[in-house]
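> What follows is a predicted structure for the sequence shown.
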Amino acid sequence: MKKLFLLSIFWLALSTAACAGPDGQTAAFAPMPSFSVEDIGGTKISSAALKGKVVVVNFWATWCPPCRAEIPDFVAFYNDNKSKGLEVIGLSVDEMTASEIKPFVEKFKMSYPVVLADSQIVRAFDPGNAIPTTFIVDKQGRIRHKQVGLMERSSLENWFGKLSRE
């Protein structure tokens, strides 16, 4: 039974990755939803406090192979650019508690804020049914890009380069 469950999860993750187009979707200039959340360490994060920064909002899960594959790029990109006006927020859609997800966050050295996404923030952003899904938000708080599927570092760099100059 456990094998069947694991195979089902693997199939779901594989089909999710296969259904997402390589270029994702673009949702230009829609305002980022207003939110106030706490990361797994208890630090408050609000959309209002993020104005003036380029923000990467990534919906992901621990069981999702493409999500796990992109995390090292997100970590390196964040570490290289956080002092230049970048913020990355990882919104986990796992059904876990903060204490249950912390070992995963530590293992993957996720240095950016990780939040357990509740139904309210999922509804607000509307990432769809596929993960990973990443939103790129400009300094004025407008969604400039929505990427469904794995986000590569080169794409992060291109968007950050463009939006940090605006």
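Everything's here; your move.

> Against which helices or strands is the helix or strand containing Lys102 packed?
Assessed by DSSP states H and E, Lys102 sits inside helix 98-107. If you count contacts as 3 or more C-beta pairs under 8 Å, 6 or more residues apart in numbering; DSSP states H and E, helix 98-107 packs onto strand 114-116. From N, CA and C alone the C-beta is placed, and that goes for glycine too.

> What are the boundaries of the helices in this protein?
2-19, 65-81, 98-107, 119-125, 153-165 (DSSP state H).

> Comparing the ones you listed, which stretch has the densest surroundings?
Compared across those, helix 65-81 shows the largest average neighbour count, a mean of 18 (mean count of other C-beta atoms under 10 Å).

> State the mean pLDDT of that helix.
The pLDDT scores in helix 65-81 average 97.

> From the chain's centre, how far out is it? Work that out for me.
Relative to its chain's centre, helix 65-81 lies at 10 Å (C-alpha atoms, centre = their mean, to the nearest Å).

> go on, stretch 33-51?
That offset, for stretch 33-51, works out to 14 Å (C-alpha atoms, centre = their mean).

> Same question for stretch 92-110.
Centroid separation between stretch 92-110 and its chain, computed with C-alpha atoms, centre = their mean, is 13 Å.

> which residues make contact with it from outside it?
With contact meaning C-beta atoms under 8 Å, 6 or more residues apart in numbering, stretch 92-110 is reached by 40-41, 59-63, 68, 71-72, 74-75, 90, 114-117, 122, 131.

> hmm, 10 Å instead?
Residues from elsewhere that reach stretch 92-110 (C-beta atoms under 10 Å, 6 or more residues apart in numbering): 38-42, 58-64, 67-68, 71-72, 74-76, 78-79, 88, 90, 111-118, 121-122, 127, 131-133.
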